[in-house]
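Trainee: Quick one, what's the 3D model for this:
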Amino acid sequence: MIDKVLKKKEETIKNYFEKKQQIIQMHRSGATGLEVVRALSDLTDETIKELVRISFPEINRICIVVLGGYGRRELCFKSDIDISLVFDTNDFESLKEGIETFYYALLDLKVDIGFSPRDIKTFLELSKEDLTVATSLLQGRFITGNEEIYNNLIKRFKRLIRRKKSAYIDATLRARKMRYQRTGSTIYMMEPHVKEGEGDSETSTKYSG
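Mentor: Numbers count the residues shown, from 1 in each chain. I've put the predicted structure just below:
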């Protein structure tokens, strides 16, 4: 049984790298950026679904939510893959083996993995205190598993957001101001931080000479 699981995992990982190479060639042949990030996101979805099936005999006990750029289906070749494994049970120990199997399989994808197994209560508690967790969940996307767990999480999260919307807006504006202070609060920079800074590539090119 173990050998069968290992063989299936190896086949899944091999398929991932082969198809990823095809997407790289598609990119080099002139495919648009949107076509490439969508194709890579869909391949990663397909791979994660298969790894979950391999890792969890009782898949209805968990659900997989992907966050950030990947959650928006904007996954680039060097992007982090941010994944939350959500469960609605106090019996974490019974899930531990499956979680470890799944996590180590993800590492075989050779990309930066952000992985967080959380029950619904913990997810909501963190969202109250950490703006990053809250905003990432706003961009979250259900992948596989028990969709009722995901729907329950989102339903309770939306109630939380409605109660704390003013605080979230204020915190977002403060975080943006602090980010600009770190990375540059003017568009006239020789080497702007494209992702985090205030500048844009068109303006920075104009003033770089």
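Trainee: so where is this structure shaky, pLDDT-wise?
Mentor: Where the chain drops to pLDDT under 70, the residues are 1-2, 164, 168, 171, 175, 185-196, 198-209.
Trainee: Show me it divided up by domain.
Mentor: 2-146, 169-207 (automatic domain parsing).
Trainee: which of those domains sits most buried?
Mentor: domain 2-146 (a mean of 16; mean count of other C-beta atoms under 10 Å). Backbone N, C-alpha and C define where each C-beta goes, glycine included.
Trainee: among the domains of the chain, which is nearest R156?
Mentor: Closest approach to R156 among the domains of the chain (C-beta to C-beta): domain 2-146, 5.9 Å.
Trainee: what about the closest one, distance to the chain center?
Mentor: 7 Å (C-alpha atoms, centre = their mean, to the nearest Å).
Trainee: can you give me the helices in this protein?
Mentor: In the chain, the helices defined using DSSP state H lie at 2-28, 33-55, 68-71, 93-107, 120-129, 131-138, 147-163, 165-183, 201-207.
Trainee: G114: which of the ones you listed is closest?
Mentor: For these, the distance to G114 is smallest for helix 68-71, at 7.8 Å, taking C-beta to C-beta.
Trainee: Remind me what that closest one packs against, helices and strands.
Mentor: strand 81-87 (3 or more C-beta pairs under 8 Å, 6 or more residues apart in numbering; DSSP states H and E).
Trainee: Partner strands of the strand it packs on, with direction?
Mentor: Paired with strand 81-87 in the same sheet, following DSSP bridges, are strand 62-66 (antiparallel), strand 113-119 (parallel).
Trainee: Tell me the spacing between G140 and T101.
Mentor: 23 Å (C-beta to C-beta, to the nearest Å).
Trainee: ok, now K49?
Mentor: As judged by C-beta to C-beta, K49 and T101 stand 15 Å apart.
Trainee: same deal with M178?
Mentor: Taking C-beta to C-beta, one finds M178 at 39 Å from T101.
Trainee: Quick one: distance of stretch 145-165 to the chain centre.
Mentor: A distance of 17 Å separates the centroid of the chain from that of stretch 145-165, by C-alpha atoms, centre = their mean.
Trainee: Could you list the buried residues of it?
Mentor: For stretch 145-165, burial by neighbour count (16 or more other C-beta atoms under 10 Å) applies to G145, N146, I149, Y150, L153, I154, F157, L160.
Trainee: wait, doesn't L124 sit right on L160?
Mentor: Yes: at 6.0 Å, L124 counts as touching L160 under the criterion of C-beta atoms under 8 Å.
Trainee: what residues are shared contacts of these two?
Mentor: With contacts taken as C-beta atoms under 8 Å, 6 or more residues apart in numbering, L124 and L160 have no neighbour in common.
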